[in-house]
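Q: everything below, folded, please.
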Amino acid sequence: MKYYSIIGFGRCTIATSHALPKASEAPAPEISPHQKIAFKPVGLEKFVMKTEIMFVLQLMLSVFMLLLLSYAFHKIRKAHLKTFAIESEIQSLSANMPIAIVRNTQAICNLNSMNLVRHGIPLGDSWSALPEFLFYICQHSLLRKPNVTFECGSGISTVMLASCVKANKNGHIYSFEHDPNFAKKTRNMLSEYGLRSFATVIDAPLTQISLKYNSWLWYSLDHIPDIDNIDMIVIDGPPMPLGPLIRYPAGPVLFPRLSPHGQVFLDDAKRDDETTILKLWKDEFAGMNMDILPATKGCANLYFGEKAKSGQ
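A: Reported below is the predicted structural model:
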């Protein structure tokens, strides 16, 4: 339904028509061109929230993995540097390693290659013969197969010599020991290695004996077996702190009983006392030859063109 209105402006008259709103229609709200319209679709807020949470979690995981990789790289780098340092130290030690360590290491390897004792070479102490000396006497025993071996001072050397006797299927070791406790220890080692029947450890207390108008501290002669034709003599006792030139009597007492091809091995040949003893023996026994074998503490190998004759 329309109605007309006449509006007059001075001399001009304008007729306008207006459409009347229907009774059932509500007037449309006026919208300003600067007014923002908010659309709120159902579930969109939850989707956006989940997306943001996933993004944050992925970001945190990425940061964690980055830190983990950085830590692993740091550890690997540190291990590499430490390995490099160890290798450098080993090379430095090898270059500056004392010849004594090299020789004794080689001696141990050589002794092990001989397969003389089960379960490895017995462990020693500060009084024990070094592997170099053990190698020399074992090498001689295996090559020459001595029938009778006298040993001054028992211990690991007794076990090694007894193992040589077992391997040779010939001979016997007679070892003199002044210390009853140490003698018992040596017998126990022989039993542990199944070598008790190849060596006899003799309790020989130290006493004063008369030689060449002098009195010397040495093993009691009453305990020395009355056996001639000794093929090998190993001298590594009595211990030097017990008296000056304490190993000298082994020469006058035992050398005259050597077999024609008998040989002597003296440990600690670089010490002052042993150096003096060797000079005394050299002056006393005609035809005595001497080789000083390379060893940390010195090893003297004595041998004769014929059976030694005492200079007394």
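
Q: for the closest residue to K297 other than its chain neighbours, the count of nearby residues, please.
A: Once flanking residues are discounted, K297 sits nearest to D268: 4.8 Å by C-beta to C-beta, 6 or more residues apart in numbering. Yep, even glycine has a C-beta here, placed from its N, CA and C like the rest. D268 has 23 neighbours, counted by other C-beta atoms under 10 Å.

Q: so for D268, what's the pLDDT?
A: Looking at D268, its pLDDT stands at 94.

Q: so L245: helix, strand or coil?
A: Counting by DSSP: H, G, I helix; E, B strand; the rest coil, the backbone at L245 sits in coil.

Q: hmm, the residue nearest to K297 is touching P239, no?
A: No. Using C-beta atoms under 8 Å as the test, D268 is too far from P239 to be in contact (9.8 Å).

Q: coming back round to it: ok, the residue nearest to K297 to T207 distance?
A: To T207, D268 is 22 Å away according to C-beta to C-beta, to the nearest Å.

Q: got it, and N112?
A: From N112 to T207 the distance is 39 Å (C-beta to C-beta).

Q: then L142?
A: Counting by C-beta to C-beta, the gap from L142 to T207 is 35 Å.

Q: I'd like the next helix or strand past the helix or strand R77 falls within.
A: Here R77 sits within helix 44-96, counting by DSSP states H and E. Using DSSP H and E, the helix or strand that follows helix 44-96 towards the C-terminus is helix 99-113.

Q: give me the contact list for the next helix or strand after that next one.
A: Later in the chain than helix 99-113, the nearest helix or strand by DSSP H and E is helix 131-144. Contacting residues not belonging to helix 131-144 are listed as 103-105, 107-108, 110-111, 114, 116, 121, 146, 149, 156-157, 160-161, 163-165, 167-168, 171, 231-232, 234, 236, 261, 263, 265, 267, 293-297, 299, 301 [C-beta atoms under 8 Å, 6 or more residues apart in numbering].

Q: let's see which of those end up in strands.
A: Residues of the contacts of helix 131-144 located in strands (DSSP state E): T149, D231, M232, V234, H261, Q263, F265, D267, L293, C299, N301.

Q: list buried residues within those residues.
A: T149, D231, M232, V234, Q263, F265, D267, C299, N301 (16 or more other C-beta atoms under 10 Å).

Q: what about the closest residue to the second one other than its chain neighbours, how many residues nearby?
A: Just to be clear, that refers to D231. Using C-beta to C-beta, 6+ apart and skipping residues adjacent in sequence, the residue nearest D231 is P146, 3.4 Å away. Counted by other C-beta under 10 Å, the residues lying close to P146 total 26.

Q: P146 reaches M232, doesn't it?
A: Yes. Counting by C-beta under 8 Å, a contact exists between P146 and M232, whose distance comes to 4.1 Å.

Q: what's the overlap in contacts for the two?
A: Shared contacts of P146 and M232, defined by C-beta under 8 Å, 6+ apart, comprise H140, G262.

Q: V148 against G171, yeah?
A: Yes. Using C-beta under 8 Å, V148 is in contact with G171, at 6.8 Å.

Q: what touches both of those two?
A: Residues touching both V148 and G171 (C-beta under 8 Å, 6+ apart) are D231.

Q: that older thread, want to throw the ones in strands among the contacts of helix 131-144 into a markdown table with distance to I99?
A: Below are those laid out as a markdown table (distance: C-beta to C-beta, whole Å):
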| residue | distance to I99 |
| --- | --- |
| T149 | 29 |
| D231 | 32 |
| M232 | 27 |
| V234 | 24 |
| H261 | 32 |
| Q263 | 26 |
| F265 | 21 |
| D267 | 18 |
| L293 | 14 |
| C299 | 15 |
| N301 | 20 |
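
Q: name the nearest residue to the residue nearest the centre of the chain, sequence neighbours excluded.
A: Residue closest to the mean C-alpha point of the chain, counted by C-alpha atoms, centre = their mean, is T105 at 11.4 Å. Nearest residue to T105, sequence neighbours excluded (C-beta to C-beta, 6+ apart): P131, at 8.0 Å.

Q: equivalent analysis for P244, please.
A: Once chain neighbours are set aside, the closest to P244 by C-beta to C-beta, 6+ apart is D273, at 6.5 Å.

Q: how about that neighbour, what does it touch?
A: With C-beta under 8 Å, 6+ apart, D273 has these contacts: M240, P244, L245, I246, R247.
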